[in-house]
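> mind looking at a prediction? Sequence and model below.
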Amino acid sequence: AAAQTVLAAGRELPRWLADRFTRSGAFATGDSGDPAALLRLYVRYDQLPAALTVAADLIDNHKVGTLNWLPYSHLEALLRATKMPTTPDDPVAHARTRLVTSLRRYAADLAHATLLEKAAKVF
């Protein structure tokens, strides 16, 4: 409720409040965190660079085999919402490029881990 109130007022979410939704904040508070809820809030209140950054951070901070869940539907919606052509110096374009790069890296890491797992089963 506090995050929604801050974003509805057109203000930037304080880092400590955003951290409560993410894994980094979850460990400090003992909560499980809900990065998907943070993504939804950022998109709802047109904070697209922040949403893209949270999504990229979520992917970049995983270790293959330890991250069991990604908010794929939210990531797809975020990519669709930011697909409009922008100028290269636009913060949305920069953050979107980072997210796409993170997703590609994640897919490559996942494919590599899957191949290793299949090879291990052969032996």
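Looks like it arrived, so ask away.
> when you work out contacts or count neighbours from here on, use the C-alpha atoms and nothing else.
Fine.
> need the longest helix for the protein.
Selection of the longest helix in the chain by residue count, based on DSSP state H, yields helix 91-122.
> summarise which helices and strands that one is packed against.
Applying 3 or more CA pairs under 8 Å, 6 or more residues apart in numbering; DSSP states H and E, one finds that helix 91-122 contacts helix 48-60.
> give me the angle between the helix it packs on and helix 91-122.
Following axes from the mean of the first three to the mean of the last three CA atoms, to 10 degrees, one obtains 20 degrees for the angle between helix 48-60 and helix 91-122.
> report the buried residues of the longest helix of the chain.
Under the neighbour-count criterion of 16 or more other CA atoms under 10 Å, helix 91-122 has 92, 93, 94, 95, 96, 98, 99, 102, 103, 106 buried.
> what about residue 39, distance to residue 22?
10 Å (CA to CA, to the nearest Å).
> okay, the two: which has more neighbours?
Using other CA atoms under 10 Å, the more surrounded residue of residue 39 and residue 22 is residue 39, with 24 against 21.
> distance from the chain centre to the strand or helix carrying the more buried one, please.
According to DSSP states H and E, residue 39 maps onto helix 35-44. Centroid separation for helix 35-44 versus its chain: 9 Å, with CA atoms, centre = their mean, to the nearest Å.
> all set, thanks.
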